[in-house]
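1. Sequence isn't available, so here's the structure alone:
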């Protein structure tokens with residue numbers, strides 16, 4: 001990857017890579033991303049979530065706002081996203097700030113989910129201790145009976161976040177471990193500074 005060929009806006013490069021992976025490396029789940037937060041205990045924690053949408057403003061995913069990650073984001077919205085596409089030998093690391101999206105957008109996405117996923121959001125107090133699996137299955141069964149034939153309203157504790165990037169690093173595997181690393185950093189004038197990093 002030549003620095004002079006890099007677009008001014010990193011979201012253009014992300015879109016290009018994302019669609020290329022989807023087209024040529026279908027074995028990779030291209031929207032699976034690792035999100036790292038700083039927990040209430042002061043330790044970083046990483047887990048895989050699914051990217052549901054990306055725009056020039058940022059990257060959107062959905063979760064339980066009362067989950068461990070939701071509580072971490074409420075205290076410290078600085079997060080890191082990481083995509084690794086093994087087949088393409090590509091990685092993208094994104095630093096940014098997470099914030100809740102508008103409730104109507106969360107409503108729209110929740111309505112588009114399968115009924116089972118909607119009920120699952122109601123059944124699970126994400127990250128809370130439960131006595132056993134049977135507890136969850138019984139709770140889900142009761143909800144299936146309660147909502148049979150009824151519309152399911154999005155719970156207020158469940159919804160979307162958008163991660164607005166301040167830095168993106170694109171990594172492309174190369175022979176002899178002389179990999180390409182291109183970093184974009186948001187400047188105070190909202191333009192992007194582009195640099196090549198040593199592998």
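-> That came through fine. Only a predicted model underlies this, so the values are computations on that prediction, with no experimental measurement involved. Numbers count the residues shown, from 1 in each chain.

2. Check which residues of the biggest strand by length in the chain are buried.
-> In the chain, taking DSSP state E as the definition, the longest strand is strand 158-172. The neighbour-count check on strand 158-172 (16 or more other CB atoms under 10 Å) flags 158, 159, 160, 161, 162, 163, 165, 167, 168, 169, 170, 171 as buried. Every C-beta, even on glycine, is put in place using the N, C-alpha and C of the backbone.

3. Could you list the paired strands of it along with their orientation?
-> Using DSSP bridges, strand 158-172 pairs in its sheet with strand 59-64 (antiparallel), strand 90-100 (antiparallel), strand 180-186 (antiparallel).

4. what's next to stretch 104-115, contact-wise?
-> Applying CB atoms under 8 Å, 6 or more residues apart in numbering, the external contacts of stretch 104-115 come out as 52, 62, 100, 118, 121, 152, 154, 158, 159, 160.

5. go again using 6 Å as the cut-off
-> 154, 159, 160 (CB atoms under 6 Å, 6 or more residues apart in numbering).

6. Any chance of the buried residues of strand 158-172 in TSV with pLDDT and distance to residue 140 as columns?
-> Below are the buried residues of strand 158-172 laid out as TSV (pLDDT from 0 to 100; distance: CB to CB, whole Å):
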residue	pLDDT	distance to residue 140
158	96	15
159	97	20
160	98	23
161	98	25
162	98	29
163	98	30
165	98	36
167	98	40
168	98	39
169	98	41
170	97	41
171	96	41
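
7. Nearest to residue 82, out of the strands paired with strand 158-172?
-> strand 90-100 (5.1 Å; CB to CB).

8. Quick one: mean pLDDT for that closest one?
-> Strand 90-100 carries an average pLDDT of 98.

9. Figure out how far the helix or strand following that strand is from the centre of its chain.
-> Next in sequence after strand 90-100, counting helices and strands by DSSP states H and E, comes helix 103-112. For helix 103-112, the separation from the chain centroid amounts to 17 Å (computed by CA atoms, centre = their mean, to the nearest Å).

10. tell me the angle of helix 103-112 relative to strand 59-64?
-> Relative orientation of helix 103-112 versus strand 59-64 (axes from the mean of the first three to the mean of the last three CA atoms, to 10 degrees): 70 degrees.

11. Just the buried positions in helix 103-112, please.
-> Those would be 105, 106, 109, 110, for helix 103-112 by 16+ other CB under 10 Å.

12. what does stretch 138-148 give?
-> For stretch 138-148, by 16+ other CB under 10 Å, it's 139, 140, 143.

13. ok, residues contacting that stretch?
-> 119, 122, 123.

14. go with 10 Å
-> 115-116, 118-120, 122-125, 130, 132, 152-153 (CB atoms under 10 Å, 6 or more residues apart in numbering).

15. Of those residues, keep whichever come out buried.
-> Buried among these by 16+ other CB under 10 Å: 118, 119, 122, 123, 124, 152.

16. Right, I'll call it a day here.
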